[in-house]
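Asker: predicted structure and sequence below. I'll ask about it afterward.
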Amino acid sequence: MEPNKELEKAIESKFLTPQKFAIEIEKIVAEEKSNYIDAIVQYCDTNSIEVESVSKLISKPLKERLKWDATRLNFMKATSKAKLPI
């Protein structure tokens, strides 16, 4: 294996990537039967992470699920061009 590939694998295993973050959030949603907003807050509380700092870890599919939850819970107006401030 090339040294660069080994380094990438080591970095990826130590640090949280958007893909790993999405998987963890999906697990919480499935296990706790909660919404995505609560799952992210719970994940941040459990791992002592500030909620504001995970915005870069939220992938596009996860953003869509968040938007759906926010609209369903009336945190956001139901429009086709609604944007979350994250």
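Answerer: The structure has been received and is ready for your questions.

Asker: check which residues of whichever strand or helix holds A39 are buried.
Answerer: Using DSSP states H and E, A39 falls within helix 36-46. Across helix 36-46, burial judged by 16 or more other CB atoms under 10 Å covers Y36, I37, A39, I40, Y43. C-beta here means a position set from N, CA and C on the backbone, and glycine is covered the same way.

Asker: tell me how far the third one lies from I25.
Answerer: In other words, A39. Per CB to CB, to the nearest Å, A39 is found 5 Å from I25.

Asker: again with the fourth one
Answerer: In this structure, I40 lies at 6 Å from I25, with CB to CB as the measure.

Asker: and if you look at the second one?
Answerer: Between I37 and I25 the distance, using CB to CB, works out to 10 Å.

Asker: how about S59?
Answerer: Going from S59 to I25 by CB to CB gives 10 Å.

Asker: of those two, give the one with the bigger neighbour count.
Answerer: The residue with more neighbours, out of S59 and I25, is I25; 22 against 14, by other CB atoms under 10 Å.
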